[in-house]
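J.: Structure for this input, please:
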Amino acid sequence: MLIQILTHTPFYVWAILAFLIQRGMIAMRDRDLERRKLVMIPAVMLVLSLQDMNAKFGLGGLALAAWALAAAGVALLAGLTGGRRIEASNVPGHVRVLGSRLPLVMMMAVFFTKYVASVALSVAPQLRRDTLFACAVCGLFGAFDGWFAGRL
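T.: Numbering: from 1, shown residues only. Okay, here's the model as predicted:
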C-alpha cells in the first residue's frame, strides 16, 4: 500500500518537498535579509494552511476554532521563549538572521502533516466529517502557523 501511495503522489508534491528542504537548508546559515523578506515564509505557510483547511474541512466551526486557538497559543509561547535570532546588519535595510535547524524541522512537519492528512482523506473520505480528525489536523496547522508567526 505504501508503494501505491508514493507512486500515486503527484510530481508537484515532490517538487514542493524539494523546495522546502532547500529553504530549510538556507535557514541553517547566518544570512542578511531584507526586513520585508522576514515575513515571506510565515505568510506562505499561513496561506497554504488556510487553503488546505478550506479544501479539506471548510473554514468554519470547530476546525477553525482549533486552528485559531493553537495558532494564538503557540505564537505567544514562541514569541515569549524565542531567543535572539535577529541582529543588526552592515547592509542598509537588512537584518542579520542567525541560522537555525528549526525552520527546516517545522517546514517538514507542515509538509508531512499535509501529506498524511491528504492520504488519510483519500483512503477514508468519511474523515472529512470527523470533527476530532478535523480539529486535530487544523490544530496542528495552527500550531505550525503560530510558531512561524511567534518567531517573526
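
J.: Can I get stretch 131-138 as CSV, trimmed to CA atoms?
T.: Extracted C-alpha coordinates of stretch 131-138, given in CSV (Å, rounded to 0.1, in the frame of the first residue of the first chain):
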residue,chain,number,x,y,z
THR,A,131,-14.8,16.5,14.0
LEU,A,132,-11.9,15.1,16.0
PHE,A,133,-9.8,14.4,12.9
ALA,A,134,-10.5,17.9,11.5
CYS,A,135,-9.7,19.6,14.8
ALA,A,136,-6.5,17.6,15.2
VAL,A,137,-5.3,18.4,11.7
CYS,A,138,-6.3,22.1,11.9
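
J.: Any buried residues in that stretch, and which?
T.: Phe133, Ala134, Cys135, Val137, Cys138 (16 or more other CB atoms under 10 Å). Placement of C-beta: from N, CA and C, glycine included.

J.: between these, which is closest to Ala70?
T.: Cys138 (7.8 Å; CB to CB).

J.: Where helices are concerned, which of the buried residues of stretch 131-138 count?
T.: Counted as lying in helices by DSSP state H, out of those, are Phe133, Ala134, Cys135, Val137, Cys138.

J.: mind putting the buried residues of stretch 131-138 in JSON lines, pLDDT and distance to Gly146 included?
T.: JSON lines is the format used below for the buried residues of stretch 131-138 (pLDDT from 0 to 100; distance: CB to CB, whole Å):
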{"residue": "Phe133", "pLDDT": "96", "distance to Gly146": "20"}
{"residue": "Ala134", "pLDDT": "95", "distance to Gly146": "18"}
{"residue": "Cys135", "pLDDT": "96", "distance to Gly146": "15"}
{"residue": "Val137", "pLDDT": "96", "distance to Gly146": "15"}
{"residue": "Cys138", "pLDDT": "96", "distance to Gly146": "12"}
